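K.L.:
Could you look at this predicted model? Sequence included:
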Amino acid sequence: MKEIGGYIEFESYHGTLYHEGAVKLNCGRNCLAYLIEACGIKQIRLPYFLCSSVKNLCAKYGVKVGFYRIDEAFRPVIEDALGADEWLYIVNYYGQLTNDEIAAYKRKFGRVITDNSQSYFQRPASADVPTLYTCRKYFGVPDGAFLYTDKRLERELTADETFERIHYILGRFERSAGEFYKESADNNKFFADEPIKQMSKLTEDLLRSFEYERIIARRTENFRYLHDRLGGINKLALTVPEGAFMYPLYLENGAEVKKALCAAKIFVPTLWGDVFESCDENSLEYDYAKNIVPLPIDQRYDSEDMDIIIAKLEKEGVL
């Protein structure tokens with residue numbers, strides 16, 4: 001029986017999802033799990049420059065994994081042909097890969113999956129390239145991912161529920177990040193063993209409330225602002241993506257700069273830290289994980305905040 005009346009719950013929003021029409025799931029790694037089941041994937045080739053969660057998920061589903069390296073521009077280096085039933089998993093690092101390039105990989109290799117977890121606002125290259133997106137890297141939501149695919153699972157999926165895991169997001173809105181860091185980290189770990197589920201009702205509702213054009217513009221402007229000031233010292237040759245993820249500043253002493261920024265409460269992560277165990281320390285992947293400084297440029301910030309970051313970099317002798 002439908003409940004009518006009583007206290008008012010969280011507001012329902014009626015805006016359009018940016019990825020309206022895509023499959024709505026609980027997390028990015030389960031987009032791949034969905035494809036493994038729907039497409040019958042038995043073998044896949046992953047980049048070494050990737051977190052272990054994807055490799056672990058493949059092991060969980062009995063998928064045979066091979067690896068490839070990337071070049072200095074984050075492009076795949078693959079000199080041999082794929083196996084007869086092998087899929088190629090391409091990560092669009094920092095949104096630097098164009099859809100024309102992805103389409104070319106599709107023509108060359110046939111079975112291609114695009115991971116756009118760092119390029120939320122880049123549409124799929126084509127309808128026949130499965131493409132996944134994750135929401136937590138871009139918005140204050142506790143779960144959520146989108147998958148474009150022409151395949152569908154024949155079974156019904158349970159919907160995720162996140163009302164008990166949104167506390168850290170609400171907490172940081174009114175207090176400091178440090179007070180809720182452990183809850184945030186625990187939520188990230190939560191998905192390691194989660195089955196494929198539908199996106200939670202709460203997350204979908206929140207995603208209908210955002211001003212996407214404003215978010216895209218702010219992220220793009222902040223990326224461009226930093227690139228105008230830092231492009232001359234950045235060892236990466238970058239393009240400015242629409243609605244960028246973060247600004248990757250590659251420095252020879254990037255590891256030390258990250259520590260200095262974090263000490264000044266400019267929180268920068270070490271992405272793909274798993275490569276410190278899986279790759280040789282002389283490899284490009286090891287160097288990138290250690291020395292790329294991913295600077296925050298998201299919709300919470302403006303040029304004044306970018307100036308704070310630049311001032312700290314100047315103080316550290318980077319500029």
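P.N.:
Happy to help now that I have it. Numbers count the residues shown, from 1 in each chain.
K.L.:
how much space between Tyr288 and Lys235?
P.N.:
10 Å (C-beta to C-beta, to the nearest Å). For every residue, glycine as well, the C-beta is placed using N, CA and C.
K.L.:
quick one, which of the two is more surrounded?
P.N.:
Ranked by neighbour count (other C-beta atoms under 10 Å), Tyr288 and Lys235 place Tyr288 first, with 23 against 15.
K.L.:
Now do the contacts for that one.
P.N.:
Counting by C-beta atoms under 8 Å, 6 or more residues apart in numbering, Tyr288 makes contact with Phe49, Tyr250, Trp272.
K.L.:
Give me the subset of those lying in strands.
P.N.:
Mapping those onto strands (DSSP state E) picks out Tyr250.
K.L.:
follow-up on the earlier one: which residues are in contact with both of Tyr288 and Lys235?
P.N.:
Tyr250.
K.L.:
Please identify the helix or strand for the one residue sitting closest to the centre of the chain.
P.N.:
By C-alpha atoms, centre = their mean, the chain has its centre lying nearest to Ser117, at 3.0 Å. Taking DSSP states H and E as the definition, Ser117 sits outside all helices and strands.
K.L.:
Identify the residues contacting the nearest residue to it once chain neighbours are set aside.
P.N.:
Of all residues not flanking Ser117 in the chain, Thr134 sits nearest, at 4.4 Å (C-beta to C-beta, 6 or more residues apart in numbering). By C-beta under 8 Å, 6+ apart, the contact list for Thr134 reads Cys27, Gly28, Cys31, Ser117, Tyr120, Gly144, Ala145.
K.L.:
Quick check: phi and psi on the fourth one?
P.N.:
Backbone torsions of Ser117, given as degrees, to the nearest 10, read phi -60, psi -20.
K.L.:
Run a quick check on it versus Tyr133, I expect a contact.
P.N.:
Yes: look at Ser117 against Tyr133 with C-beta atoms under 8 Å: they come within range, at 6.4 Å.
K.L.:
Overlap of the contact sets of these two?
P.N.:
By C-beta under 8 Å, 6+ apart, Ser117 and Tyr133 have these common neighbours: Gly28.
K.L.:
where do the strands sit along the stretch 151-300 of the chain?
P.N.:
Assigned by DSSP state E, counting those that start in this stretch, the stretch 151-300 of the chain shows strands spanning 246-250, 292-296.
K.L.:
Turn the ones you listed into CSV, including mean neighbour count, mean pLDDT and distance to Met199.
P.N.:
Shown next, in CSV, are those (neighbours: other C-beta atoms under 10 Å; pLDDT from 0 to 100; distance: least, C-beta to C-beta, whole Å):
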stretch, mean neighbour count, mean pLDDT, distance to Met199
strand 246-250, 23, 98, 24
strand 292-296, 22, 98, 25
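K.L.:
Of all these, which one is nearest Lys64?
P.N.:
Nearest to Lys64, of all the strands of the stretch 151-300 of the chain, is strand 292-296, at 29.9 Å by C-beta to C-beta.
K.L.:
Show me what that closest one is packed against.
P.N.:
With contacts defined as 3 or more C-beta pairs under 8 Å, 6 or more residues apart in numbering; DSSP states H and E, strand 292-296 has these neighbours: strand 246-250, helix 254-263.
K.L.:
go again using 10 Å as the cut-off
P.N.:
Using 3 or more C-beta pairs under 10 Å, 6 or more residues apart in numbering; DSSP states H and E, the elements in contact with strand 292-296 are helix 212-230, strand 246-250, helix 254-263, helix 303-315.
K.L.:
Of those, which is nearest Ala38?
P.N.:
helix 212-230 (27.8 Å).
K.L.:
between that closest one and strand 246-250, how big is the angle?
P.N.:
20 degrees (axes from the mean of the first three to the mean of the last three C-alpha atoms, to 10 degrees).
K.L.:
tell me which residues of helix 212-230 are tucked away?
P.N.:
212, 215-216, 218-227, 229-230 (16 or more other C-beta atoms under 10 Å).
K.L.:
ok, so of these, who is nearest Asp305?
P.N.:
Asn222 (7.8 Å).
K.L.:
how about the nearest residue to the closest one once chain neighbours are set aside, what does it touch?
P.N.:
Sequence neighbours aside, Ile297 is the residue nearest to Asn222 in space, at 3.7 Å (criterion: C-beta to C-beta, 6+ apart). Residues in contact with Ile297 (C-beta atoms under 10 Å, 6 or more residues apart in numbering) are 218-227, 244-247, 305-306, 309.
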